[in-house]
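In: predicted model and sequence below, questions to follow.
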Amino acid sequence: MPIRLARTGHALGESRVEVSVRQILAYAAGIGDRSLAALDDTKDLVANPAICVSLEWPVVSSAEARDRLGASPDELRRGVHAAQDSIFHRPIEPGDRLLTRGRVVSGRESRAGALLVSRLETVEETSGAPVTTSWSSSIYRGVGLEALPVTEGEEPIQDDGEPPPLLAVPRPSVGSGGVHMVAIAIPREMPHVYTECAAIWNPIHTERRVALAAGLPDIILHGTATWALAGQHILRHYADGDSRRLLRLRGRFRAMVVPGTTITLEHWPREPAATGAEPGSVVGFVVRNQDGDEAISDGAAVIAPKSGRR
């Protein structure tokens with residue numbers, strides 16, 4: 001059966017959490033973030049900003065969210081994360097009481113299957129002040145999409161179906177010397193470690209029997225793990241490793257990354273940014289897998305000036 005989606009979209013639910021020291025340390029370990037800010041709780045501990053996906057996962061994967069899509073369990077298991085674009089309004093710290101909520105803001109049929117885009121907001125539970133805003137895309141391979149009429153109780157979508165515009169960062173021409181390349185080894189056990197440390201579980205990332213049955217060549221690394229690794233290395237190069245200066249991280253997930261191989265991050269110099277929000281500098285990047293295919297395309301990271309974040 002196709003995924004059922006009301007023309008105005010629908011809420012995905014909510015999740016609340018009090019951020020703990022343990023959670024921040026575990027996420028940092030899961031992506032190999034060795035910065036003192038993320039691993040030493042005797043200092044001013046600050047979460048790696050990519051931890052936002054751990055807060056968003058309970059919302060997008062909840063039974064309520066799955067049931068409202070209407071597809072069969074087998075069809076929903078065909079869903080793959082296709083893109084992540086997160087804006088970081090402020091750092092996440094121990095003791096923060098946060099509320100994460102989501103809404104499907106658009107859906108269409110593609111050649112690969114149903115493509116859904118969700119807007120996920122993490123805010124301070126008491127004040128409602130924004131912490132992270134993400135646009136997350138998923139493709140349900142081989143699944144159709146059925147538009148439904150609006151039902152009682154549904155709220156119209158606000159004008160938030162697309163993230164704020166981001167100035168393109170053209171890749172420098174070959175031979176110009178403007179592209180920096182970093183080889184990143186992916187340990188065989190990384191999907192297992194990331195699954196537990198980020199609290200994001202899908203058996204195609206950890207159970208080879210399930211991955212092979214799904215038509216994959218092996219278990220594969222989470223797209224959000226590759227995304228976080230790219231952001232971490234970009235911060236080291238452009239922001240002295242200071243995660244407080246990351247304002248936005250965007251990427252489209254394409255080719256698979258098989259653990260036990262080496263990926264290559266290619267990034268190029270900053271250009272003026274136009275984020276529609278905070279000013280900063282933007283870095284373009286792609287990540288290539290072991291075969292040279294783009295595992296992440298259309299990558300961009302927006303970095304605040306050195307004095308631009310607390």
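Out: Cool, got the structure. The structure displayed is predicted, hence computed values, not measured ones.

In: surely Ala38 meets Ser243?
Out: Yes. Under the criterion of Cβ atoms under 8 Å, Ala38 is in contact with Ser243, at a separation of 6.7 Å. In this view, the C-beta of every residue, glycine as well, is placed from N, C-alpha and C.

In: so what's in contact with these two at the same time?
Out: Any residue near both Ala38 and Ser243 by Cβ atoms under 8 Å, 6 or more residues apart in numbering counts here, and that gives 46-48.

In: out of those, which is nearest to Ser137?
Out: Asn48 (21.8 Å; Cβ to Cβ).

In: quick one: residues contacting that closest one.
Out: Shown here is Asn48, whose contacts under the criterion Cβ under 8 Å, 6+ apart are 24, 27-28, 31, 33, 35, 38, 228, 232, 243.

In: how about 7 Å then?
Out: Under the criterion of Cβ atoms under 7 Å, 6 or more residues apart in numbering, the contact list for Asn48 reads 27-28, 31, 33, 38, 228, 243.

In: ok, now Ser307?
Out: Residues in contact with Ser307, defined by Cβ under 7 Å, 6+ apart, are absent; none qualify.

In: what's the pLDDT at it?
Out: Ser307 carries a pLDDT value of 70.

In: same question for Ala301.
Out: Predicted confidence (pLDDT) for Ala301: 95.

In: same thing with the one 3 residues further on?
Out: According to the predicted model, the pLDDT of Ala304 comes to 92.

In: how much space between it and Thr133?
Out: When distance is defined by Cβ to Cβ, to the nearest Å, Ala304 is 16 Å away from Thr133.

In: so which residue is dead centre in the chain?
Out: With the centre of the chain defined as its mean C-alpha position, the nearest residue by Cα atoms, centre = their mean is Gln84, 4.0 Å away.

In: using PDB, write out every CA atom in the helix or strand hosting it.
Out: Assigned by DSSP states H and E, Gln84 belongs to strand 79-88. Extracted C-alpha coordinates of strand 79-88, given in PDB (Å, rounded to 0.1, in the frame of the first residue of the first chain):
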ATOM      1  CA  GLY A  79      13.000   4.000   4.300                       C
ATOM      2  CA  VAL A  80      16.500   5.500   4.000                       C
ATOM      3  CA  HIS A  81      17.700   8.800   5.200                       C
ATOM      4  CA  ALA A  82      18.300  11.000   2.100                       C
ATOM      5  CA  ALA A  83      19.400  14.400   3.400                       C
ATOM      6  CA  GLN A  84      20.000  16.400   6.600                       C
ATOM      7  CA  ASP A  85      20.200  20.100   6.900                       C
ATOM      8  CA  SER A  86      20.500  21.400  10.500                       C
ATOM      9  CA  ILE A  87      20.700  24.900  11.800                       C
ATOM     10  CA  PHE A  88      22.300  25.300  15.300                       C
END
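
In: mean confidence score for that strand?
Out: The average pLDDT within strand 79-88 is 92.

In: name the strands paired with the helix or strand following it and say parallel or antiparallel.
Out: For strand 79-88, the succeeding helix or strand toward the C-terminus, using DSSP H and E, is strand 97-109. Using DSSP bridges, the neighbouring strands of strand 97-109 in the sheet come out as strand 11-18 (antiparallel), strand 113-124 (antiparallel).

In: let me see the mean pLDDT of the last one.
Out: For strand 113-124, the mean pLDDT works out to 90.

In: same deal with stretch 256-266?
Out: On average, the pLDDT along stretch 256-266 is 97.

In: and the helices in the stretch 151-300 of the chain, which stretches?
Out: Remark: helices assigned in the stretch 151-300 of the chain by DSSP state H, counting those that start in this stretch are 190-198, 208-213, 223-238.

In: wait, which of the ones you listed is closest to Arg250?
Out: Taking Cβ to Cβ, helix 223-238 is the member of those nearest to Arg250, at 8.7 Å.
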